[in-house]
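Asker: what follows is a predicted structure for the sequence shown.
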Amino acid sequence: MDSKISVARLTEAMERAHRHWQKDTEGGPRPRFTVAISHEAGADAPAVARALGERLGWPVYDRELLQRIAAQMGVHASLLASVDEHRKGWLLECLESLGSPAAVSQGGYVRRLVEMLLALAAHGECVVLGRGAAQVLPAATTLRVRLVGPVEDRRASVRQRLGMEPEAAARWVAQTDAERVRFVKDHFHKDPTDPRLYDLVLNSSRLSAPACAEIIVEALRRLQAGAPARNPGAVKV
């Protein structure tokens, strides 16, 4: 976890997450959607996720919060326990569909991460940033977004955000991209750079964070309008 992430920020985020998990989950017949955002290193994904969460009134789960949830058994258990009975069958089906070695690594951390991501999706109405969410969550109830940009722009963004020299920023972008691709390929056996895995691919160099959020909201509304009535037996991952 990034040492720059404050304890106060994590505590506030965890409290917000618990409130979200424990909220009344009785909804209409349609599924609750989740937005999963994958991104290249240096694309302004955190800003887009924040803008999107603000527009929708949904909590945002970023890398640091996801790692904390997956690492703490008590928090993890609380999340799973807060899934209502109607969605437990859906969650179990998704977990079983990912149970073979060909589908997902059986490493303890990754298995816990997958359970946590699917539990978040069972609650729905949240934005999940990174950690393979766009590759793991069911396509039927997930708007899968990929943020990209020219490498020169992404390096410049990193230089400005992290205060790096040009050569250091270039190395950071290349290394981070490689690590993210390797993580998804090793554990979920998919290529996160494949545009066919996403519903939207947006260039964050051409579009501001608010503009990206606006486009994502419009796509989400269209998916929600066309979503069939909930049918757990029809869920495919």
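Answerer: Cool, the structure landed. Numbers count the residues shown, from 1 in each chain.
Asker: give me the contacts around the helix ranked longest in the chain.
Answerer: Longest helix in the chain by number of residues (criterion: DSSP state H): helix 166-188. Defining contact as CB atoms under 8 Å, 6 or more residues apart in numbering, one finds that helix 166-188 is touched by 40-42, 103-105, 107, 110, 130, 132, 135-136, 151, 154-156, 158-159, 162, 164, 190-193. Yep, even glycine has a C-beta here, placed from its N, CA and C like the rest.
Asker: buried ones from those, can you make that a PyMOL selection?
Answerer: Buried residues among those (16 or more other CB atoms under 10 Å), as a PyMOL selection:
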select buried, resi 40+41+42+103+104+105+110+130+132+135+136+154+155+156+158+159+164+192
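Asker: taking the contacts of helix 166-188 one by one, which sit in helices?
Answerer: Judged by DSSP H, these include 110, 135-136, 151, 154-156, 158-159, 162 as members of helices.
Asker: in those, find the pair that's most separated.
Answerer: Spanning the widest gap among the ones in helices among the contacts of helix 166-188 are V110 and A156, at 33.1 Å by CB to CB.
Asker: P46 contacts D62, correct?
Answerer: Yes. Look at P46 against D62 with CB atoms under 8 Å: they come within range, at 6.4 Å.
Asker: got the angle for the longest helix of the chain vs helix 151-162?
Answerer: Orientation check (axes from the mean of the first three to the mean of the last three CA atoms, to 10 degrees): helix 166-188 against helix 151-162 gives 100 degrees.
Asker: please save the CA atoms from helix 166-188 in PDB.
Answerer: C-alpha atoms of helix 166-188 as PDB (Å, rounded to 0.1, in the frame of the first residue of the first chain):
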ATOM      1  CA  PRO A 166      11.500  12.600 -17.100                       C
ATOM      2  CA  GLU A 167      13.600   9.400 -17.100                       C
ATOM      3  CA  ALA A 168      12.200   8.200 -13.800                       C
ATOM      4  CA  ALA A 169       8.600   8.900 -15.000                       C
ATOM      5  CA  ALA A 170       9.200   6.900 -18.200                       C
ATOM      6  CA  ARG A 171      10.500   3.900 -16.200                       C
ATOM      7  CA  TRP A 172       7.600   4.100 -13.800                       C
ATOM      8  CA  VAL A 173       5.000   4.200 -16.500                       C
ATOM      9  CA  ALA A 174       6.600   1.200 -18.300                       C
ATOM     10  CA  GLN A 175       7.100  -0.800 -15.200                       C
ATOM     11  CA  THR A 176       3.600  -0.100 -13.800                       C
ATOM     12  CA  ASP A 177       1.900  -1.000 -17.100                       C
ATOM     13  CA  ALA A 178       3.900  -4.300 -17.300                       C
ATOM     14  CA  GLU A 179       3.000  -5.200 -13.700                       C
ATOM     15  CA  ARG A 180      -0.700  -4.600 -14.200                       C
ATOM     16  CA  VAL A 181      -0.800  -6.600 -17.400                       C
ATOM     17  CA  ARG A 182       1.200  -9.400 -15.700                       C
ATOM     18  CA  PHE A 183      -1.100  -9.400 -12.700                       C
ATOM     19  CA  VAL A 184      -4.300  -9.900 -14.800                       C
ATOM     20  CA  LYS A 185      -2.700 -12.400 -17.200                       C
ATOM     21  CA  ASP A 186      -1.200 -14.500 -14.400                       C
ATOM     22  CA  HIS A 187      -4.300 -14.600 -12.200                       C
ATOM     23  CA  PHE A 188      -7.300 -14.100 -14.500                       C
END
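Asker: many thanks, we can stop here.
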